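Participant: Give me coordinates for this.
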Amino acid sequence: MGQEISRSQFTPQDFQRFQTRLRQETAQLTDWFATGRFTPTSGIGGFEIEAWLVDRQGQPAPLNEAFLERLADPLVVPELSVFNIELNTPPLPLHGTALRRMHANLDNLWQRCQRVAAGLDATVMLIGIPPTLRIQELTLDHMSCRERYRAINEQILSRRRGHPMELAIHGVETLRLTHPDVMLEAATTSFQTHLQVAARDAAAFFNAALALSAPMVAVAANSPLLFGKLLWDETRIPLFEQGVALAGGVHADDPSFRRVTFGGGYIRQSLLELFVENLAHYPPLLPVGLDDEPADRLPHLRLHNGTIWRWNRPLLGFEADGTPHLRIEHRVMPAGPSIPDTIANAALYYGLIHALARAPSPVSAALEFAQCRANFYAAARDGLRAEVVWLHGRRLPLRQLVLEELLPLAHRGLLALEIDAADVTEYLGIVAARVRSDCTGAAWQRRFLARHGSDLTALTLAYLERQGSGQPVQAWTC
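Facilitator: Below you'll find the predicted structure:
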């Protein structure tokens with residue numbers, strides 16, 4: 001959930017000072033957009049992937065502190081709960097053998113993580129939500145020891161005036177519960193892609209990312225279970241949105257209270273619009289003074305942006321020489337089911353976004369935003385079974401859309417980037433086989449339960465065994 005801070009207690013004066021700095025830095029960012037300050041370099045891709053530590057019985061293992069100490073790799077960092085870690089690999093220009101190199105980098109890091117976990121009598125698991133997770137494990141005692149996490153929890157509960165978090169998810173089954181803190185969010189682990197874009201192209205790329213959220217969440221779906229209930233194909237989506245909401249009821253649609261959001265509309269001119277929206281509509285959660293950091297790195301603006309979890313989020317970064325750059329973080333996909341599936345999902349996304357962003361007809365003119373958003377939630381709920389309205393008002397099953405239109409479009413997009421043709425065929429072939437067989441991670445979990453009964457431990461251990469084989473999910477047996 002972002003960078004560490006030095007403390008978790010704040011005064012009204014802290015909020016006032018932070019708001020002042022935020023206004024100043026937003027004004028500076030506005031000037032950068034006006035003067036073309038950003039690097040023109042684009043087409044650089046990267047990702048981060050969150051994972052679970054589980055014991056030999058497939059139960060979440062609260063070991064991340066010991067694990068990270070033994071691994072001692074800055075590319076692997078803690079997440080909200082002591083059950084979770086985050087893996088990062090170096091960003092690469094999307095060209096030539098980039099996909100194969102991403103695969104090798106992630107696989108090498110993954111194998112190192114597995115060796116360290118084995119020394120703790122545990123294993124590392126890539127999945128959206130572990131079937132064996134119990135609500136009793138999501139307590140503050142199992143929060144990672146970082147001031148940032150404590151502060152976010154305290155601030156969200158303060159805005160809710162001490163009222164517990166309320167969860168209501170209606171899927172195959174229905175789950176309703178209350179929870180006293182933000183640890184519900186720890187149940188969701190994601191695969192988040194980053195794409196560096198030139199400022200002049202960023203609006204088109206961001207709008208394309210919004211439109212692609214529906215097919216990407218369906219193709220990658222891997223979170224059908226929560227606390228023993230079959231819910232959405234991607235239960236992460238409603239769980240994260242509700243698990244850190246600042247209020248419910250009549251305030252549920254107010255952006256000031258929704259920190260996890262699909263957003264309210266397309267970008268019109270530039271990503272600046274989202275940072276201005278941050279200032280206008282989202283009160284600070286972490287009003288930490290960052291005056292010891294370089295002012296020209298806009299530290300308050302970046303910290304504030306990190307507490308607004310849009311499903312597609314703008315990011316501000318810097319080159320080695322200090323020149324700012326822009327990235328789009330695509331946050332809709334879950335972790336897993338396998339390393340090949342992960343890279344295949346990244347390949348599909350990178351190919352699609354480059355093709356769609358450069359299409360003659362802008363996405364914003366071809367698909368109403370309200371329908372774009374409705375597509376996303378339908379796809380998160382029903383996966384490849386969803387029916388969506390695509391560009392120019394065409395209504396069709398999402399599975400058909402992916403097979404007949406989106407896979408060929410992604411193929412063209414990757415070849416236009418001059419990605420190695422054999423790699424394009426290999427990774428998009430994994431997606432095609434998954435969609436043709438209707439065997440996402442979510443579908444595999446449902447089929448296993450239908451065949452073997454509701455033993456969630458057996459499901460988890462079978463999933464781990466097949467994940468360890470290195471085969472894509474459509475090759476897994478039930």
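
Participant: what's the distance between the helix or strand of the chain with the lowest mean pLDDT and the middle of its chain?
Facilitator: For the chain, scoring each helix and strand by mean pLDDT, DSSP states H and E identifies helix 147-159 as the least confident one, at a mean of 91. In terms of C-alpha atoms, centre = their mean, to the nearest Å, the centre of helix 147-159 is found 21 Å from the chain centre.

Participant: could you measure Gly322 against Phe206, distance?
Facilitator: Distance, Gly322 to Phe206, using C-beta to C-beta, to the nearest Å: 24 Å. Any C-beta I mention is one placed from the backbone N, CA and C, and that applies to glycine too.

Participant: between those two, who's got more neighbours?
Facilitator: Phe206 (28 against 9; other C-beta atoms under 10 Å).

Participant: Over to the more buried one: give its phi and psi.
Facilitator: For Phe206, the backbone dihedrals are phi -70, psi -40 (criterion: degrees, to the nearest 10).

Participant: helix/strand/coil for the residue nearest to it when sequence neighbours are not counted?
Facilitator: With C-beta to C-beta, 6 or more residues apart in numbering as the measure, Ile267 is the residue that lies nearest to Phe206, at 5.0 Å, once sequence neighbours are left out. Using DSSP: H, G, I helix; E, B strand; the rest coil, the three-state assignment for Ile267 comes out as coil.

Participant: burial of Glu405, as a residue count?
Facilitator: Quick note: Glu405 (other C-beta under 10 Å) scores 15 neighbours.

Participant: and if you look at Gly470?
Facilitator: By other C-beta under 10 Å, neighbour count at Gly470 equals 12.

Participant: and it, what pLDDT?
Facilitator: Per-residue confidence for Gly470 comes out at a pLDDT of 96.

Participant: Assess the claim that it and Pro337 are in contact.
Facilitator: No - applying C-beta atoms under 8 Å as the test, Gly470 and Pro337 come out as separate, 11.0 Å apart.

Participant: For the residue lying closest to Ala168 once chain neighbours are set aside, give me its contacts.
Facilitator: Across the structure, with C-beta to C-beta, 6+ apart as the measure, the residue nearest Ala168 apart from its sequence neighbours is Arg176 (5.0 Å). Going by C-beta atoms under 8 Å, 6 or more residues apart in numbering, Arg176 touches 167-169.

Participant: Is it correct that Arg176 falls within a strand?
Facilitator: Yes - read with three-state DSSP, Arg176 is one of the residues of a strand.

Participant: and the helix ranked longest in the chain, what other elements does it pack with?
Facilitator: Taking DSSP state H as the criterion, the chain has its longest helix at helix 12-35. With contacts taken as 3 or more C-beta pairs under 8 Å, 6 or more residues apart in numbering; DSSP states H and E, helix 12-35 sits against helix 272-281, helix 299-305.

Participant: Please list the outside residues in contact with the last one.
Facilitator: By C-beta under 8 Å, 6+ apart, the surrounding residues in contact with helix 299-305 are 2-3, 5, 18, 21-22, 25-26, 29, 275, 278-279, 282, 284, 286, 288, 290, 293, 313-316.

Participant: Who does the next helix-or-strand element following it pair with, and is each partner parallel or antiparallel?
Facilitator: Going down the chain from helix 299-305, the next helix or strand is strand 309-310, by DSSP states H and E. Neighbouring strands of strand 309-310 in its sheet, by DSSP bridges, are strand 260-261 (parallel).

Participant: chain center to the partner strand: distance?
Facilitator: The mean C-alpha position of strand 260-261 is separated from the chain mean by 11 Å, C-alpha atoms, centre = their mean.

Participant: before we move on, what about stretch 221-241?
Facilitator: From the chain centre to the centre of stretch 221-241 is a distance of 14 Å (C-alpha atoms, centre = their mean).

Participant: That stretch: which residues count as buried?
Facilitator: Of the residues in stretch 221-241, those scored as buried under the neighbour-count criterion (16 or more other C-beta atoms under 10 Å) are 221-227, 230-241.

Participant: Just the ones of those residues in strands?
Facilitator: Secondary structure assignment (DSSP state E) places 225-226, 230 from the buried residues of stretch 221-241 within strands.

Participant: and which of those is nearest Ala187?
Facilitator: Each of these was checked against Ala187 using C-beta to C-beta; the closest is Leu226, at 6.7 Å.

Participant: which ones are touching that closest one?
Facilitator: If you count contacts by C-beta under 8 Å, 6+ apart, Leu226 has them with 129, 133, 169, 175, 187, 235, 239.

Participant: For Ile152, give me its contacts.
Facilitator: Each residue near Ile152 by C-beta under 8 Å, 6+ apart is listed here: 1, 182, 244, 285-286, 307.

Participant: if we can go back for a sec, show the average pLDDT along the helix or strand that the least confident helix or strand of the chain is followed by.
Facilitator: Sequence-wise, the next helix or strand downstream of helix 147-159 (DSSP H and E) is strand 165-170. Averaged across strand 165-170, pLDDT comes to 96.

Participant: Glu50 falls within a strand, correct?
Facilitator: Yes - the secondary structure assignment for Glu50 places it in a strand, going by three-state DSSP.

Participant: For it, which non-adjacent residue is spatially closest?
Facilitator: Distances taken as C-beta to C-beta, 6+ apart place Thr189 nearest to Glu50, at 3.8 Å, with adjacent residues excluded.

Participant: The one you found contacts Phe240, correct?
Facilitator: No - judged on C-beta under 8 Å, Thr189 makes no contact with Phe240 at a distance of 10.4 Å.

Participant: From what I see, Glu137 and Phe83 are in contact.
Facilitator: Yes - taking C-beta under 8 Å as the contact criterion, Glu137 and Phe83 are neighbours in contact, 7.3 Å apart.

Participant: With neighbour numbers in mind, choose between these two.
Facilitator: Neighbour tally, Glu137 and Phe83, criterion other C-beta under 10 Å: the higher count belongs to Phe83, 26 against 19.

Participant: can you pull the pLDDT of that one?
Facilitator: Turning to Phe83, the model gives it a pLDDT of 98.

Participant: count of residues packed around the residue nearest to it when sequence neighbours are not counted?
Facilitator: Taking C-beta to C-beta, 6+ apart, and ignoring the residues beside it in sequence, Phe83 has Pro60 as its nearest neighbour in space, at 4.2 Å. Each residue near Pro60 was counted by other C-beta under 10 Å, and the total is 25.

Participant: Any stretches of the stretch 101-250 of the chain with poor pLDDT?
Facilitator: Judged by pLDDT under 70, the stretch 101-250 of the chain has its weakly predicted residues at 248-250.
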